[in-house]
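*Asks:* Dropping a prediction and its sequence here:
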Amino acid sequence: MPTTEVLPTHTPALFQRAVVRAAEVLRTGRIAALPSETVYGLAANALSPEAVAEIYRAKGRPSTNPLIVHVATATMARVCAAAWPALAERLAGRFWPGPLTLVVPKSPKIPELVAAGGSTVGLRWPAHPFFQAVIRECGFPLAAPSANPSDQLSPTTAEHVLAGLGGRIPLIVDAGPCAVGIESTVVDVTGPNPRILRPGVISSEQIAEAAGVPALAAGNPSTGPLRSPGQLHRHYSPKARLVVWSWREDRELADRLAGESIDPSQVHLLAHSRIPSEAMPAQVSFIPDDPEAFARALYGYLHLCDDRGARLIVIEELPAGSAWDGVRDRLLRASVPADAGL
């Protein structure tokens, strides 16, 4: 099996060496896993159909699922867009660089494979300094979905990437854990109102405030090409079955777990407000009742459950409110059974 090079970035010299090496790999039409503030991305030259095809091959990703294109300047964003709506200008001015993807009309420069045959493209200016530095070094935009096998958990550390794609890609750059922890908010700005295609840590209220008009929910994807990644019914899934439950007291939770007929050592439970007692027959973890902290820790926790051989992952039901919509969306898609046929 081919080896995968892993480069650290924890000193200025190592950071610059990794930037140069990543750009070298990407300029030759190959792919590389790079850190961003959201999750680690599997990057390729967004203007090269052959390079983009390598992303789909390495991930086993269906060609009907589009990619997000990452830029490092406003000029580069406009090169990728056939038009730049006023909504795009307002939202980019408020949230870029950062975890926001804007869906705009696609420039002819963007290969059809990036857009999964559609007429639009999702653009993001990442806040992570390493990702920005690599784009500037390359001089071209980078297509980059999450650096994991298709439908599996997104990676928030280089170790996650290596476990999923080691030997299948030439390079992983390690910059430590991701600061945001879930994928970007995706907003379609081709109409009069922003339409949220994938929720994230930027809430619908924040989008509406910046846009000056109400933000709309995506609804069910149309029968045409998908306009954004993250719209498949099953996605972001651990190996174990994942369920989202609510409970009022320990006895109610214990009775429900007993009905699952699973060895307690293979049941992992994540709570944020109703913390079970130490006598609970399961592996219990706690994340603070805060949407940003929850998002930052979620994928790392689910990876840990997989590593420890969990068969059932129980997540305490999330609080109401749009600040939780990004995490709620990931848990909803992760909890869809693999054999649901959707």
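*Replies:* Received the coordinates, thanks.
*Asks:* If G122 is in a bridge, with which residues?
*Replies:* Beta-bridge partners recorded for G122 (DSSP bridges): I68, V103.
*Asks:* What does the pLDDT read for it?
*Replies:* In this prediction, G122 carries a pLDDT score of 98.
*Asks:* Could you do A340 as well?
*Replies:* pLDDT at A340 comes out at 49.
*Asks:* Next: M1.
*Replies:* 55.
*Asks:* where exactly do the strands run in the stretch 51-200 of the chain?
*Replies:* 68-70, 100-105, 120-124, 142-143, 171-174, 185-188, 195-198 (DSSP state E, counting those that start in this stretch).
*Asks:* want to throw the ones you listed into JSON lines with mean neighbour count and distance to R308?
*Replies:* Where you see a C-beta, it was placed from the backbone N, CA and C, and this is true even at glycine. Shown next, in JSON lines, are these (neighbours: other C-beta atoms under 10 Å; distance: least, C-beta to C-beta, whole Å):
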{"stretch": "strand 68-70", "mean neighbour count": "28", "distance to R308": "31"}
{"stretch": "strand 100-105", "mean neighbour count": "25", "distance to R308": "33"}
{"stretch": "strand 120-124", "mean neighbour count": "28", "distance to R308": "33"}
{"stretch": "strand 142-143", "mean neighbour count": "28", "distance to R308": "34"}
{"stretch": "strand 171-174", "mean neighbour count": "23", "distance to R308": "23"}
{"stretch": "strand 185-188", "mean neighbour count": "26", "distance to R308": "31"}
{"stretch": "strand 195-198", "mean neighbour count": "23", "distance to R308": "29"}
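*Asks:* Throw the ones you listed into CSV and include distance to P291, thanks.
*Replies:* Output for the strands of the stretch 51-200 of the chain, formatted as CSV (distance: least, C-beta to C-beta, whole Å):
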stretch, distance to P291
strand 68-70, 22
strand 100-105, 16
strand 120-124, 20
strand 142-143, 28
strand 171-174, 27
strand 185-188, 13
strand 195-198, 16
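*Asks:* residue ranges with poor pLDDT in the chain?
*Replies:* 1, 219-223, 230-235, 278-279, 281, 338-342 (pLDDT under 70).
*Asks:* tell me the domain boundaries of it?
*Replies:* Domain assignment of the chain by automatic domain parsing yields the ranges 5-217, 241-334.
*Asks:* Dump the ones you listed into a markdown table; add distance to P225 as well.
*Replies:* Shown next, in a markdown table, are the domains of the chain (distance: least, C-beta to C-beta, whole Å):
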| stretch | distance to P225 |
| --- | --- |
| domain 5-217 | 3 |
| domain 241-334 | 19 |
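*Asks:* ok, and which of those domains has the densest surroundings?
*Replies:* For the domains of the chain, the largest average neighbour count (mean count of other C-beta atoms under 10 Å) is found in domain 5-217, namely a mean of 21.
*Asks:* how long is that one from one end to the other?
*Replies:* In domain 5-217, first residue to last residue: 41 Å (C-alpha to C-alpha, to the nearest Å).
*Asks:* now that domain: how far from the chain's centre is it?
*Replies:* Its chain's average C-alpha position is 9 Å from that of domain 5-217, according to C-alpha atoms, centre = their mean, to the nearest Å.
*Asks:* List the contacts of the spatially most central residue of the chain.
*Replies:* Centroid check for the chain by C-alpha atoms, centre = their mean gives E183 as the closest residue, at 2.8 Å. By C-beta atoms under 8 Å, 6 or more residues apart in numbering, the residues touching E183 are 38-39, 99, 146, 154, 198, 200, 229-230.
*Asks:* same deal with A83?
*Replies:* Each residue near A83 by C-beta under 8 Å, 6+ apart is listed here: 104-105.
*Asks:* can you tell me how far it sits from R198?
*Replies:* Computed as C-beta to C-beta, to the nearest Å, the A83 to R198 distance reads 22 Å.
*Asks:* where does L42 fall, helix, sheet strand or coil?
*Replies:* strand (DSSP: H, G, I helix; E, B strand; the rest coil).
*Asks:* Just to check, it is in contact with S150?
*Replies:* No: the criterion here is C-beta atoms under 8 Å, and L42 misses it with S150 at 10.7 Å.
*Asks:* between these two, what contacts are shared?
*Replies:* Common contact partners of L42 and S150 (C-beta under 8 Å, 6+ apart): K59.
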